[in-house]
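J.: quick one: sequence and predicted model below, then my questions.
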Amino acid sequence: MAAPTLPDRARVVVIGGGVIGTSVLYHLAEAGWTDVVLLERDQLTSGTTWHAAGLMVTFGSTSETSTRLRQYTRDLYSRLEAETGLATGLRQVGFIEVAADAGRLEEYRRVSAFNRLMGIDVQEISPREVGELFPLAKTDDLLAGFYVADDGRVNPVDVTMSMAKGARMRGARIIEGCPVTGVLTAKGAVTGVTTPFGDIEAEYVVNCAGMWARQLGEQAGVTIPNQAAEHYYLLTEPIEGVSKDWPVLEDPGRHGYYREEGDGLMIGLFEPVCAPWHVDRIPEEFSFGELPPDWDRMGPYLERAMSRVPVTADVGIRKFFCGPESFTPDLAPVVGEAPELRNYFVAAGLNSIGILTGGGMGRAMAHWIMTGQPDIDITGMNIDRLHPYQLNPEYRATRTVESLGMVYQCHFPGRSMQTARGVKRSPIHDRLVEQRAYFRDVSGWEGADWFAPEGVEPVVEELSWGRQNWWPHWEAEHHAARNDVILMDMSFMAKFLVQGRDAGTLLDTLSANAVNGDSGQITYTQWLNTAGTLEADLTVTKLDDDRFWVVASDTAHRHVLTRMQRHVGDGNAFITDVTGGYAQLNVQGPRSRELMQRLTSADMSNEAFPFRAAREIDLGYVRALCIRITYLGELGYELYVPSEMAMHAYERIAEAGRELGLRHAGLKALASLRMEKGYRDFGHDIDNTDTVLEAGLGFAVALDKPWGFIGRDAVVAQKAAGPLRKRLVQVLVTDPEPQLFHAEPVLRDGVALGYVRAASYGFTLGGAVGLAMIEADIPIDQEWLDSGTWTVDIGGRQFPAVASLRPLYDPRNERIRA
Ligand SMILES: Cc1cc2nc3c(=O)[nH]c(=O)nc-3n(C[C@H](O)[C@H](O)[C@H](O)COP(=O)(O)OP(=O)(O)OC[C@H]3O[C@@H](n4cnc5c(N)ncnc54)[C@H](O)[C@@H]3O)c2cc1C
């Protein structure tokens, strides 16, 4: 191939010509950014895209983001041919997911309810109907099928070529045979790329290098912990009777999906225990590559998959294909602007759904690059949720086995990742072990979820949609917090010390609330962007005029840190991440003051230590930062203790607490307690697409601050536009039996207006409780909520509910101020 001629500069350089890079390029060009160039190491599709099975399925996710990406993608693929003249091979032959066990039946019924709310026409069909649509399938053991007639399949190469043509037609350039060997940077931002054929100056660079994305990212110090793994499908010889018009069939219980291919069948596999590929380094020259299939390892899975369509065991095998695809630690893609480098964007780690989300992913990325803001909820897939330690070879090798294996598992609620555990531990971890904590993975930390009583092993006996073995322990912890006193370790919270003459100005500019008032006070606040939607939800404590203590949730750790770093400019403000340096011990509940007073010489009375006060206090031999605040709706205190003294502090609390019946409580209790009080959790019930007013957090906005804050104009404009038609409401199911988890549709007078974003069980309120974003065509206020009949759709069954804008538990905040 002759050396390509490169432009000296381009506004955007996209690296990688798979489905994702091509889609980003297409959407940038479509939106009018035509000074854009895509550099492909070899040829378009030569990485993973060329051999994808091409399933195009909208069914199956309870994430609105993922579902919208899929829907957009399917629509795009159906209209591209008219625009570019190149067909995508989309054939809407239908898709059926089958359930052969009770867990999956419940899962797909819940998914179906949510998918229907999103506009997907899902029908639950009988085993007989499954057999009619896919006559060779064995159906006698099935409980049901879930059928979407508009879903089907595409040709991944054709999709990519069609988008490439669409991009070129608008002036974008695609240069093949041109590997990017590095990126150019200046002052913390990307300024271009280097190639063997010269450099290209660029304002933005987008790493869409598929399984190569990690090593390319690492060169620039960017964390993209995706990992390639073997991924398989088998092609049979022709089978009599197979029709091209049959739907795609999927049976996760038998590890397989099935579709027509060359008059025979393709059987695709997601095995429970996979094999990572090239943990060290993906070979640079691997193009249109295949891997030798591991028959021994895959044999048992293949056999089980084939048993769903028994005739496949009697026909010849045309090919057992193995190719690499990249997977991420949590099975969500890696998307967005790198925290390490401004204007370096990433869209990689597609976890085997790159074709069926590729169109939407490209559109979302283009929007984000062009406007500086994503227009979908990206909290679950933002690159800044990931941490450098996740790049470690051992971590990737271990975790990938679990994440690929999760694809076809039944997605029972509350399941924690089981691999690569024990990485981050609280200083009092061993004591929590002694107290029989059941731990779960909290952004790499061991978080105590619940505690088993004496004589009981802290194990999850069986995952299920119902009440699991730990239910009574959780309930007891919940009641202890409401009635007595509990101790909760939340050392995983992200903590930052922000110091300097301009620290207060920096934080006040970022915060919608007034955080730079009196010293010794904590303030709950949101950080907004200029569009007025949420960037973070956190607390800022003013310790002194030039010393602030910023605390955010574990998932927002790097987002919050990056946002501070990007706004500090030339100001005299120094940000130190002290997350590992301090334990956070929570003493909460109506008897917490009594307990605290036994531990310290400080006056803990309501007058001397009111709600929101922050003081350094003595606690045994320790000095701790004690803040009177609560995230579970009771009188309570957060104690920040230097890690090396945390054990001493813990021992003192535990000892003094013994007489008061102190109970250890875990994160399950935190979830149920905060949900009863309607406290928000960014990334769960509120996200980057919500405004602070829609999220019901207007009380935490100080519009009258003299210096204003980022996003103020947008808040003012939304206020001026009149009463809101989109609001977060608390929903309580009045029947005490069912459970809410996430994504259950919420209906007023039989009309679905939104869905539950996050939920728990309210032991004090007496039923499942959640927070739902509701949209109506008239203003939403309590009177309107009270005048309707509310129900929640749980797996297709309607349950009566109460909807409220004010917290159903302690609406006047009497308990927290007591
Ligand atoms: C067996 C199998 C079946 C699958 N079935 C489906 C399916 O049915 N549906 C579905 O949605 N998904 C499926 N997938 C997943 C899908 O193929 C991927 O998610 C998708 O192709 C990923 O696209 P990508 O653009 O991120 O990566 P790639 O297609 O790998 O593209 C990355 C590109 O970057 C280039 N590149 C790398 N480094 C550089 C560099 N330094 N400079 C320039 N270029 C570079 C590579 O050459 C490559 O072309 C399947 C995958 C496999 C393996």
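T.: Good, I have the coordinates.

J.: list the contacts for the residue lying closest to residue 203 once chain neighbours are set aside?
T.: Nearest residue to residue 203 in three dimensions, chain neighbours excluded: residue 11, at 5.2 Å (Cβ to Cβ, 6 or more residues apart in numbering). For every residue, glycine as well, the C-beta is placed using N, CA and C. Under the criterion of Cβ atoms under 8 Å, 6 or more residues apart in numbering, the neighbours of residue 11 are 33, 35, 36, 202, 203, 204.

J.: residue 11 and residue 378, how far apart?
T.: Relative to residue 378, residue 11 is positioned 22 Å away (criterion: Cβ to Cβ, to the nearest Å).

J.: would you confirm that residue 214 contacts residue 228?
T.: No - counting by Cβ atoms under 8 Å, residue 214 does not reach residue 228; the two are 9.0 Å apart.

J.: give me the more crowded residue out of the two.
T.: With neighbours defined as other Cβ atoms under 10 Å, residue 214 and residue 228 compare such that residue 214 has more, 28 against 24.

J.: how about the residues of this protein near the ligand?
T.: The chain comes close to the ligand at residues 15-21, 39-42, 46-49, 51-55, 179-180, 208-212, 216, 231, 233, 323, 325, 348, 350, 352-356, as judged by Cβ under 6 Å from any ligand atom.

J.: so which of those residues belong to helices?
T.: Here DSSP state H is the test, and the residues of the chain next to the ligand give 19, 20, 21, 216, 354, 355, 356 as lying in helices.

J.: show me what contacts whatever residue of the stretch 201-350 of the chain ends up closest to the ligand?
T.: For the stretch 201-350 of the chain and the ligand, the shortest gap (Cβ to the nearest ligand atom) falls at residue 210, measuring 2.6 Å. Contacts were defined as Cβ under 8 Å, 6+ apart; by that measure residue 210 touches 16, 18, 20, 47, 48, 49, 326, 348, 350, 354.

J.: which one of the residues you listed sits in the busiest neighbourhood?
T.: residue 20 (34 neighbours).

J.: so that one touches residue 208, yeah?
T.: Yes - counting by Cβ under 8 Å, residue 20 touches residue 208, with 4.5 Å between them.

J.: overlap in contacts of these two?
T.: Joint contacts of residue 20 and residue 208 (Cβ under 8 Å, 6+ apart) are 347, 348.

J.: with distance to residue 257 and pLDDT as extra columns, can I get the contacts of residue 210 in JSON lines?
T.: Shown next, in JSON lines, are those (distance: Cβ to Cβ, whole Å; pLDDT from 0 to 100):
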{"residue": "16", "distance to residue 257": "26", "pLDDT": "98"}
{"residue": "18", "distance to residue 257": "21", "pLDDT": "98"}
{"residue": "20", "distance to residue 257": "21", "pLDDT": "98"}
{"residue": "47", "distance to residue 257": "22", "pLDDT": "98"}
{"residue": "48", "distance to residue 257": "17", "pLDDT": "97"}
{"residue": "49", "distance to residue 257": "18", "pLDDT": "98"}
{"residue": "326", "distance to residue 257": "19", "pLDDT": "96"}
{"residue": "348", "distance to residue 257": "23", "pLDDT": "98"}
{"residue": "350", "distance to residue 257": "17", "pLDDT": "97"}
{"residue": "354", "distance to residue 257": "16", "pLDDT": "98"}
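
J.: in strands, which of the residues you listed fall?
T.: Using DSSP state E, 326, 348 are the members of the contacts of residue 210 that sit in strands.

J.: for the contacts of residue 210, which one is nearest residue 542?
T.: residue 348 (40.3 Å; Cβ to Cβ).

J.: count of neighbours near residue 654?
T.: 16.

J.: so it is in which element?
T.: Element membership of residue 654, judged by DSSP states H and E, is helix 643-658.

J.: contacts for that helix?
T.: 426-428, 431, 485, 487, 491, 580-583, 585, 587, 595, 598-599, 619-622, 624, 639, 641, 662.

J.: what's the average pLDDT for that helix?
T.: Helix 643-658 shows a mean pLDDT of 98.

J.: please name the bridge partners of the residue nearest to residue 451 when sequence neighbours are not counted.
T.: Nearest residue to residue 451, sequence neighbours excluded (Cβ to Cβ, 6+ apart): residue 664, at 4.8 Å. Counting by DSSP bridges, residue 664 is bridged to residue 487.

J.: could you measure from residue 664 over to the ligand?
T.: Using Cβ to the nearest ligand atom, to the nearest Å, residue 664 is found at 43 Å from the ligand.

J.: go ahead and confirm that residue touches residue 450.
T.: No - counting by Cβ under 8 Å, residue 664 stays clear of residue 450, with 9.1 Å between them.

J.: in the chain, which helix is the longest?
T.: The chain, longest helix under DSSP H: helix 64-84.

J.: now do that one: distance to the chain's middle.
T.: Helix 64-84 sits 22 Å away from the centroid of its parent chain (Cα atoms, centre = their mean, to the nearest Å).

J.: list the contacts of that helix.
T.: Outside helix 64-84, the residues touching it (Cβ under 8 Å, 6+ apart) are 56-58, 61, 86-88, 90, 92, 114-115, 118-120, 150-151, 154, 159, 162-163, 165-166, 169, 356-361, 363-364, 376-378, 380-381, 755.

J.: pick the one among the ones in helices among the residues of the chain next to the ligand closest to the ligand.
T.: For these, the nearest to the ligand is residue 354 (2.2 Å; Cβ to the nearest ligand atom).

J.: from residue 160, how far out is that closest one?
T.: In terms of Cβ to Cβ, residue 354 sits 10 Å off from residue 160.

J.: next: residue 293.
T.: 25 Å.

J.: ok, back up a step: the closest residue in space to the residue of the stretch 201-350 of the chain closest to the ligand that isn't next to it in sequence: what's it in contact with?
T.: Residue nearest to residue 210 in three dimensions, not counting chain neighbours: residue 47, with 4.4 Å by Cβ to Cβ, 6+ apart. Residues in contact with residue 47 (Cβ under 8 Å, 6+ apart) are 16, 18, 209, 210, 211, 212, 286, 287.

J.: I am finished for the moment; much appreciated.
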